[in-house]
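S.K.: Below are the sequence and a predicted model; questions follow.
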Amino acid sequence: MACYPRNARANRSLCLSKKETESVREKAIIVGVSGVSGDRWETEEHLDELELLADTAGAEVMDRMVQERKKPDPAYYIGKGKAKLLAGLSSELKANLIIFDDDLSPAQTRNLEKLSGKKVIDRSALILDIFANRAKTREARTQVELAQLRYMLPRLTRQWTHLSRQVGGIGTRGPGETQLEVDRRLIRKRIDSLERDLVKIEKQRQQRRKHRQDVFKAALVGYTNVGKSTLLNALTESEVFVENRLFATLDATIRELKLSERDRVLLIDTVGFIRKLPHHLIASFKSTLEEAQEAELLIHVIDITNPVMDEQIETVQQVLTELKLNSKPTLFVFNKIDQVGNPNVIAALRERYKPAVFISAARGMFLNDFQQALLEYVREEDQELIYTVPAADGDVVAKIYRLAEVLDKKYEQDRVILRVLIRARHAAQLNALIQAKGYPVETLSRENIAGHA
């Protein structure tokens, strides 16, 4: 597991290769502070998740330490006395890595590393490392490297001179400038370069979005490892990578789901959320998460078997609020119900969360219920209209058939009367064209629309 960005071509020598990471598992001690981020039991829960994160990154957790403090020590976070005990424990267990569940300041990290002689990282650095290892596409790699550089900038310790090859090298140092200042300036230039790359990538993404404007879009959101990709695969017969680990997939994956002859949905599988998600990462992944912003419906997938399910739901809601997505309509999807023994649990959740469906994506249970609920959202703004068009105007008739479902067709002399079911967005477009030609448009009652398939 590396603690520095892996994605810049010039700095790969600082990091372990994937093969080396798999064969050499670092030995780690994880540390949490009770009273700062929650009660003792809550801190233990957080450390359970931190242990899973460490395992995903390729580390073996040898032990954990919990310190009770009302506020962090500015020099050592857990206090110098506890830090000395931690240093002794790491030597005794031959651990070479110490992971803190909360973010450390650069000074705290330096002090702890100097005292213990071990590598010290915090939760943000660990998550960034996992993302670096899992990023596959050019966009994801660019976003992760940008997040890592932003994170590492205030933590510089003269390890960035290799970047000089990318931004000019000789002749770039100012008079009297220290090597650390040069390194810091080189990183800022690299950040500027990556930000320009992301602007180009976003323009390409916007071009792709134009071709999807007329299709209903729903984004799968939720805590990491709740089964979003498994659900996507089950619904669309895709082969999106699935693994029982945190952050198995990073890139936004889009697949089409056909609900009926005329109803189709683009399902967007987004990166999973997690508590204490690094802000640098959210900022860097803005363009990927904008796929969710384009969606008309959020499908919040929840692991019903997780003992801290409520906290995970709250974490997701907080991230959605930060991304300004909390106002979108949301369908709650409780997954893994095949592992629930008490039916009263489902009954209680059904009352508490509305609208909600209960499924098992892995076993394909009740997916029809989910698709029916999704179909109701897709057809929520359907309009039933009657268009009266000259039979000779083949272009308009063809466009009606392309944008609407024709429920009934009748000929009267030289006119064709079409009763259609149409999306609101398509109706506005079509009505403007038809009314501009002087053809009549009649709006019918919505009371029987839901019955049309």
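M.R.: Looks like it came in fine.
S.K.: Just give the nearest non-adjacent residue to I268, would you?
M.R.: Distances taken as CB to CB, 6 or more residues apart in numbering put A219 closest to I268, at 4.3 Å, once the chain neighbours are dropped. Where C-beta positions appear, they are placed from N, C-alpha and C, glycine not excepted.
S.K.: Give the rounded mean pLDDT of the strand or helix carrying that neighbour.
M.R.: Here A219, judged by DSSP states H and E, is contained in strand 216-222. Averaging pLDDT along strand 216-222 gives 91.
S.K.: Past it, which element shows up next along the chain?
M.R.: Downstream of strand 216-222, the next assigned helix or strand under DSSP H and E is helix 228-236.
S.K.: Quick check: can you name the pairing partners of whatever helix or strand comes next after that next one and their directions?
M.R.: Next along the chain after helix 228-236, taking DSSP H and E as the criterion, comes strand 253-258. Sheet pairing for strand 253-258, assigned by DSSP bridges, gives strand 264-269 (antiparallel).
S.K.: hmm, who's touching the partner strand?
M.R.: 212, 215-220, 228-229, 232, 235-236, 240, 249, 252-259, 291-292, 294-295, 299, 374, 378 (CB atoms under 8 Å, 6 or more residues apart in numbering).
S.K.: Give me the ChimeraX select line for these, limited to the buried ones.
M.R.: Buried subset of the contacts of strand 264-269, written as a ChimeraX selection, criterion 16 or more other CB atoms under 10 Å:
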select :216,217,218,219,220,228,229,232,235,236,240,249,252,253,254,255,257,259,291,292,295,299,374,378
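S.K.: center of this protein - which residue?
M.R.: Among the residues of the chain, the one closest to the centroid is V271, at 2.4 Å (CA atoms, centre = their mean).
S.K.: pLDDT score assigned to that residue?
M.R.: Per-residue confidence (pLDDT) for V271: 76.
S.K.: Am I right that it is in a helix?
M.R.: No: counting by DSSP: H, G, I helix; E, B strand; the rest coil, V271 is located in no helix; its state is coil.
S.K.: Could you break this structure into its assigned domains?
M.R.: Domains of the chain are assigned by automatic domain parsing as 9-131, 156-210, 216-378, 383-451.
S.K.: closest to A147 out of the ones you listed?
M.R.: domain 216-378 (3.9 Å; CB to CB).
S.K.: which non-adjacent residue is nearest I98?
M.R.: Leaving aside its sequence neighbours, I98 sits nearest to V120 (CB to CB, 6+ apart; 4.8 Å).
S.K.: Tell me how many other residues crowd that neighbour.
M.R.: For V120, the count of nearby residues is 25 (other CB atoms under 10 Å).
S.K.: Spell out the secondary structure type for it.
M.R.: What three-state DSSP gives for V120 is strand.
S.K.: Quick one: residues contacting A427.
M.R.: A427 neighbours (CB under 8 Å, 6+ apart): Q383, L385, A404.
S.K.: er, I99 actually
M.R.: I99 sits next to A28, I29, I30, V31, L50, A54, A59, V120, I121, D122, R123, L126 when contact means CB under 8 Å, 6+ apart.
S.K.: Give me the below-cutoff pLDDT ranges for the protein.
M.R.: 1-23, 36-38, 157-178, 208-214, 240-252, 279-281, 283-291, 445-453 (pLDDT under 70).
S.K.: Now stretch 432-440: buried residues?
M.R.: Under the neighbour-count criterion of 16+ other CB under 10 Å, stretch 432-440 has I434, Y439 buried.
S.K.: Endpoint to endpoint, that stretch covers what distance?
M.R.: Terminal residues of stretch 432-440 lie 11 Å apart, using CA to CA, to the nearest Å.
S.K.: sorry, back to before: can you tell me which of the domains of the chain is nearest to Q143?
M.R.: Comparison of those against Q143 by CB to CB identifies domain 216-378 as nearest, at 4.3 Å.
S.K.: Can you verify my assumption that L50 contacts A28?
M.R.: No: with contact defined as CB atoms under 8 Å, L50 does not reach A28; the gap is 9.5 Å.
S.K.: if you count what's nearby, which of the two comes out ahead?
M.R.: Legend: neighbour count by other CB under 10 Å for L50 and A28, higher for A28 (30 against 24).
S.K.: Look up which residues are beta-bridged to that one.
M.R.: Listed by DSSP bridges, the beta-bridge partners for A28 are V61, L97.
S.K.: Could you check how far it is from D310?
M.R.: In this view, A28 and D310 are 29 Å apart by CB to CB, to the nearest Å.
S.K.: Could you do R262 as well?
M.R.: Counting by CB to CB, the gap from R262 to D310 is 39 Å.
S.K.: more crowded one of these two?
M.R.: R262 (16 against 11).
S.K.: Return the residues in contact with that one.
M.R.: E405, L421.
S.K.: so where does it fall, helix or strand?
M.R.: Using DSSP H and E, R262 sits in no helix or strand.
S.K.: tell me which residues in the lengthiest helix in the chain are buried?
M.R.: Counting by DSSP state H, the longest helix found in the chain is helix 179-210. Neighbour-count burial for helix 179-210, with 16+ other CB under 10 Å as criterion, is recorded at 182-187, 189-190, 194, 197-198, 201, 205.
S.K.: And for stretch 419-428?
M.R.: R419, V420, L421, I422, R423, H426, A427.
S.K.: can you map out the helices along the stretch 301-450 of the chain?
M.R.: For the stretch 301-450 of the chain, helices defined by DSSP state H, counting those that start in this stretch occupy the ranges 309-322, 343-352, 367-378, 394-403, 424-436.
S.K.: Tabulate these in TSV, adding columns for distance to A140.
M.R.: Formatted as TSV, those follow (distance: least, CB to CB, whole Å):
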stretch	distance to A140
helix 309-322	18
helix 343-352	34
helix 367-378	27
helix 394-403	35
helix 424-436	31
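S.K.: Contact partners for D395?
M.R.: Applying CB under 8 Å, 6+ apart to D395 gives no contacts.
S.K.: and the closest residue to K399 other than its chain neighbours, how many neighbours?
M.R.: Excluding the flanking residues, the one nearest K399 by CB to CB, 6+ apart is L430, at 6.6 Å. For L430, the neighbour count with other CB under 10 Å is 22.
S.K.: what's the answer for I386, then?
M.R.: Other residues lying near I386 total 16 when counted by other CB under 10 Å.
S.K.: hang on, isn't it packed against V441?
M.R.: Yes: in this structure I386 lies within contact range of V441 using CB under 8 Å: 7.4 Å.
S.K.: how near is G272 to V221?
M.R.: Going from G272 to V221 by CB to CB gives 8 Å.
S.K.: Compare those two (neighbour count), which wins?
M.R.: Taking other CB under 10 Å, G272 and V221 do not tie; V221 has more neighbours (28 against 23).
S.K.: okay, and the common contacts of G272 and V221?
M.R.: Common contact partners of G272 and V221 (CB under 8 Å, 6+ apart): K228.
S.K.: I'd like the domains of the chain as JSON lines, with distance to R150 appended.
M.R.: Output for these, formatted as JSON lines (distance: least, CB to CB, whole Å):
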{"stretch": "domain 9-131", "distance to R150": "10"}
{"stretch": "domain 156-210", "distance to R150": "7"}
{"stretch": "domain 216-378", "distance to R150": "4"}
{"stretch": "domain 383-451", "distance to R150": "38"}
